[in-house]
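Engineer: Kindly return the folded structure for what I paste below:
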Amino acid sequence: MNMDVLTKEEAHQEYLNFKSNPDNNQKLADHMTGLVINALSRKHFKKNLMLSDCPSIAAAQYLSIIAYPKDNQTDKEKQLKFSRAIISAFLFEGGLTKAKEIHGKEVVERLIDEFQLMKLPKDYERTISGGISRLQKRLFVYHACRRYDDYLLKSLDEDKRSFYDILYQTAVAYKGLGISGYAQKYEDYLEDKTNHKDSFKTLKQHWSDTHPVLHLLYGYDEHHLQSYMLEHRHIKNAIVFPEWINDAIAHSQFKLACDLLDEELIEAGAPKHTNQEFTTNRAIFLDDMTSPFISRGIISV
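Structural biologist: The predicted structure follows:
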């Protein structure tokens with residue numbers, strides 16, 4: 001099946017015309033819902049996980065999965081430890097009595113029952129710092145992807161940049177990514193792109209590690225991160241005020257459905273518009289126990 005290749009302007013206008021019809025929006029949402037359900041039924045995703053029905057626990061799980069997404073024993077242990085540290089800080093910062101007054105005795109007792117809490121601040125603060133460092137690496141890749149999305153939409157046709165060009169450029173704004181003297185390496189790379197591949201191994205590893213949770217970062221950023229700085233207080237607020245979690249899950253599922261739709265179109269003969277090398281079978285699918293995807297489908301965002 002051949003598809004005509006449109007210019008960016010033509011494609012954008014086609015999209016606007018399509019979206020102006022509510023019937024089209026509903027048909028598209030139904031189709032995208034079907035794509036996700038089909039992917040779930042054939043176990044297409046790397047993992048399919050159901051988060052807790054307790055919002056604070058679900059928020060801790062969401063953050064921990066983003067920080068430590070690898071399917072190995074080390075990341076699984078760190079994922080659990082990060083969740084425990086976040087919940088411990090949440091409960092012990094003002095004392096258990098105060099926590100019960102603010103959040104309710106039942107919620108606090110459930111948190112204590114489900115987590116082996118860290119009672120020493122130095123223990124959970126150190127673990128939280130390690131988790132935040134991991135989150136910073138994930139957010140670096142996410143912001144590079146958002147910049148690349150914007151570049152694909154707005155750049156001139158003669159401006160030919162790869163995803164890795166955007167990834168390397170974005171790293172200049174981040175510290176602690178495992179590359180010293182990065183700004184100079186990037187300048188050298190622009191001068192001669194053939195001689196500096198080893199300089200960017202660490203950055204490419206960050207992309208590979210973030211790949212399975214990229215859609216979760218879209219949900220987290222849109223529904224919580226934009227309100228706070230990435231620091232300990234930010235992590236605390238994600239647990240103390242966990243109202244963001246349901247919308248973040250729905251947003252992540254919508255983003256993943258969009259990626260499935262892209263793959264379907266490419267299989268049907270549409271041109272590939274990105275060189276991100278993204279594949280949905282590496283993704284971790286998170287679901288909401290209080291409103292599972294199978295019962296509600298796509299929520300457009």
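Engineer: Which stretches in the stretch 201-301 of the chain count as helices?
Structural biologist: Secondary structure of the stretch 201-301 of the chain, counting by DSSP state H, counting those that start in this stretch: helices at 201-210, 214-223, 232-240, 244-267, 293-296.
Engineer: Between the ones you listed, which has the poorest mean confidence score?
Structural biologist: Lowest mean pLDDT within the helices of the stretch 201-301 of the chain: helix 232-240, a mean of 72.
Engineer: Could you find the closest non-adjacent residue to the residue minimising distance to the centre of the chain?
Structural biologist: Centroid check for the chain by CA atoms, centre = their mean gives L217 as the closest residue, at 2.1 Å. Leaving aside its sequence neighbours, L217 sits nearest to Y142 (CB to CB, 6 or more residues apart in numbering; 4.0 Å). C-beta: built from backbone N, CA, C; applies to glycine.
Engineer: The one you found sits in which helix or strand?
Structural biologist: helix 121-154 (DSSP states H and E).
Engineer: which parts of that helix are buried?
Structural biologist: Residues of helix 121-154 classed as buried by neighbour count (16 or more other CB atoms under 10 Å): 124, 127-128, 130-132, 134-145, 148.
Engineer: do stretch 101-114 as well
Structural biologist: Buried residues in stretch 101-114 (16+ other CB under 10 Å): H103, V107, V108, L111.
Engineer: list the contacts for the first one?
Structural biologist: Remark: with contacts taken as CB atoms under 8 Å, 6 or more residues apart in numbering, H103 is in contact with S56.
Engineer: Let me see the contact set for T127.
Structural biologist: K81, F82, R84, A85, M118.
Engineer: Please identify which of the residues you listed is nearest to N21.
Structural biologist: The closest of the contacts of T127 to N21 turns out to be F82 (CB to CB; 45.1 Å).
Engineer: Phi first, then psi, for the closest one.
Structural biologist: Main-chain torsions, F82, degrees, to the nearest 10: phi -60, psi -40.
Engineer: Also N48?
Structural biologist: Backbone torsions of N48, given as degrees, to the nearest 10, read phi -130, psi 110.
Engineer: And for the residue nearest to it when sequence neighbours are not counted, the neighbour number?
Structural biologist: In space, N48 comes closest to F285 once its chain neighbours are excluded; the distance is 4.6 Å by CB to CB, 6+ apart. A total of 23 residues lie near F285 under the criterion other CB atoms under 10 Å.
Engineer: Likewise for the one 5 residues further on?
Structural biologist: Per other CB under 10 Å, the neighbour tally for T290 reads 14.
Engineer: repeat for I294
Structural biologist: Using other CB under 10 Å, the number of residues around I294 comes to 11.
Engineer: Over to D23?
Structural biologist: Residues near D23, counting by other CB under 10 Å: 7.
Engineer: before we move on, the earlier item: what would the helices of the stretch 201-301 of the chain look like in a markdown table with distance to S41?
Structural biologist: As requested, the helices of the stretch 201-301 of the chain are exported to a markdown table (distance: least, CB to CB, whole Å):
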| stretch | distance to S41 |
| --- | --- |
| helix 201-210 | 27 |
| helix 214-223 | 19 |
| helix 232-240 | 32 |
| helix 244-267 | 13 |
| helix 293-296 | 10 |
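Engineer: nearest to A39, of those helices?
Structural biologist: Distance to A39, taken as CB to CB, is lowest for helix 244-267 among the helices of the stretch 201-301 of the chain, at 6.2 Å.
Engineer: Can you give me every residue that contacts the residue lying closest to A144 once chain neighbours are set aside?
Structural biologist: Nearest residue to A144, sequence neighbours excluded (CB to CB, 6+ apart): T170, at 4.0 Å. The neighbours of T170, taking CB under 8 Å, 6+ apart as the test, are F140, H143, A144, R147.
Engineer: May I ask which of the residues you listed comes out lowest in pLDDT?
Structural biologist: pLDDT is lowest at F140 among those; the value there is 89.
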